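Q: Would you be able to build a 3D model of this:
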Amino acid sequence: MNKKVMSLVIILAVAVLGFVGYRNVFGAKQVIVDSSAQGSKISEYAHPESFITPLQLKDLMDNDKDVVVIGALNPKKGDSPISGSFTMWRSAYSAKEGDYPFGGMRNTNEEMEALLSGFGATPDSTIVVYAANSHHDAARLWWQIKLLGHEDVRYLDGGLNAWLGAEYPVGDANPTVEATSYKAPNASNESLATMEDVIAALENGTVIDTRTTDEETGASTKGGAFGPGKIGDSLFIEWKKAVGEDTTLLSLAELKALYGDIEDKDVIAYCQSGVRSAHTYLVLTQALGYENVKNYDGSWIEWSHEYYENGNKELPTLNAEK
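A: Numbers count the residues shown, from 1 in each chain. The predicted structure follows:
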C-alpha cells in the first residue's frame with residue numbers, strides 16, 4: 001500500500017471514529033427501560049392518556065393508521081429518528097423573525113395548523129411527540145399542539161433514548177403523506193401566561209424558575225436573553241429534577257414529593273424561552289393533575305428585554321446586573 005492510499009485510509013478512519021465519538025457525546029443515548037414498570041408508573045398519573053411508552057407506541061404504529069409521530073430533533077446532533085415519524089426543530093414551530101422584538105416565542109395557530117396538515121393530521125388523530133436526551137423539546141411541542149385544543153396528544157416517556165433501548169426501528173422518517181386541511185378544534189390561550197400574569201402571580205401565586213442554577217443565580221446568561229437575573233422571588237425547581245437518570249419521568253410519589261407544596265396554588269412556570277418550563281407544565285398538569293398552571297411563553301427572554309432594553313427597573317427582578 002503506497003503512502004497516498006495509506007494517508008486516505010488513516011483520514012477515513014479518523015473521520016469515522018470522530019463521528020462515532022461525536023454521536024456518543026452529543027447523540028441520543030440508548031437507555032433500557034422495563035416497559036411493564038414504565039406502563040404501571042404512567043397508569044398512576046392523573047392523566048395517563050397524555051403519556052405513552054415505546055412499547056405502546058410501537059403497537060399503535062403497527063396497528064393504527066391514524067397516528068402521527070413527530071420528533072423535535074436537533075439536526076446538528078445527527079440522531080436517527082423513529083421510523084415512520086416526522087421530524088422538525090425549533091425554528092419550524094417558533095415565531096418568524098420580526099414578529100417580536102426578541103426570539104424564542106411560539107408560532108401562530110395558523111402556522112401550527114399548516115405544519116400538522118403537512119403531516120396528514122386531523123383533529124381525530126393520535127399525535128405522539130418525542131425528543132432525544134433532554135425531552136423538554138417534546139413537551140414544548142406537546143404544549144403548542146394542546147393550545148390548538150387537540151384532544152389526543154401524547155408525550156413519549158424516555159423519547160428516542162428509550163425507543164433505541166427497545167431496539168425498535170429508526171432511520172426511515174418523514175414519509176410522504178397526503179396533506180390534510182387541519183383546523184384547530186378548540187384553540188385556547190388558557191394555559192398561556194403573559195408578563196402581566198407573572199407579575200400578578202408573584203403576589204398571589206407561585207412562579208417557578210425551571211432553568212439551571214447558574215441562570216437562576218445570574219452567574220450565566222444564555223444567548224437570546226438581554227442580561228442575567230431571575231423573575232422576582234420565584235421558586236427555583238430545575239425542570240430536570242422531574243426525570244430520572246434514564247431520562248424517563250419520575251414516579252407519581254416522587255413527583256408529589258418534589259412539587260407537593262404548590263398543589264393548591266396558581267402556578268406559572270418559566271425558563272429561557274418557554275421550552276423547559278413547558279416540560280414542568282406537562283408534569284404538573286398531566287402527571288400530578290394540578291389545575292391552575294400556565295406556561296410563560298416569553299419567559300426570561302421577554303422579561304430581560306423589558307428590564308434591560310426597555311429600562312423597566314420597576315419589573316420585579318433579582319440577581320440582575322447592577
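Q: Report the residue ranges of every domain in this structure.
A: 35-165, 192-318 (automatic domain parsing).
Q: Take those domains and lay them out in CSV including mean neighbour count, mean pLDDT and distance to Gly27.
A: Quick note: C-beta positions are derived from backbone N, CA and C, even for glycine. Output for the domains of the chain, formatted as CSV (neighbours: other CB atoms under 10 Å; pLDDT from 0 to 100; distance: least, CB to CB, whole Å):
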stretch, mean neighbour count, mean pLDDT, distance to Gly27
domain 35-165, 19, 97, 5
domain 192-318, 20, 97, 13
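Q: Turn the ones you listed into TSV, columns for distance to Asn186.
A: Formatted as TSV, the domains of the chain follow (distance: least, CB to CB, whole Å):
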stretch	distance to Asn186
domain 35-165	3
domain 192-318	14
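Q: Need the residues that contact stretch 248-264.
A: 31, 33, 38, 41, 44-45, 51, 157-158, 162, 206, 208, 235, 237, 241-244, 283-284, 287-288, 290 (CB atoms under 8 Å, 6 or more residues apart in numbering).
Q: Who is the residue nearest to Glu190 when sequence neighbours are not counted paired with across the strands?
A: The shortest distance from Glu190 to any non-neighbouring residue, by CB to CB, 6 or more residues apart in numbering, is to Lys294 (7.9 Å). Counting by DSSP bridges, Lys294 is bridged to Ile268.
Q: Lys294 and Val267 touch, don't they?
A: Yes - under the criterion of CB atoms under 8 Å, Lys294 makes contact with Val267 at 7.3 Å.
Q: measure His150 to Pro48 for me?
A: 17 Å (CB to CB, to the nearest Å).
Q: Now the common contact residues for Lys294 and Val267.
A: Counting by CB under 8 Å, 6+ apart, Lys294 and Val267 have no shared contacts at all.
Q: can you tell which of the domains of the chain is closest to Thr180?
A: For Thr180, the closest of these is domain 35-165, at 5.0 Å, according to CB to CB.
Q: okay, how far is it across the closest one, tip to tip?
A: Counting by CA to CA, to the nearest Å, you get 11 Å between the two ends of domain 35-165.
Q: can you check stretch 263-274 too?
A: Distance between the two ends of stretch 263-274: 21 Å, counting by CA to CA.
Q: that older thread, looking at the contacts of stretch 248-264, which are in helices?
A: Among the contacts of stretch 248-264, the members falling in helices (DSSP state H) are 38, 41, 162.
Q: could these go into JSON lines alongside distance to Ser125?
A: Putting the ones in helices among the contacts of stretch 248-264 into JSON lines (distance: CB to CB, whole Å) gives the following:
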{"residue": "Gln38", "distance to Ser125": "24"}
{"residue": "Lys41", "distance to Ser125": "26"}
{"residue": "Ala162", "distance to Ser125": "22"}
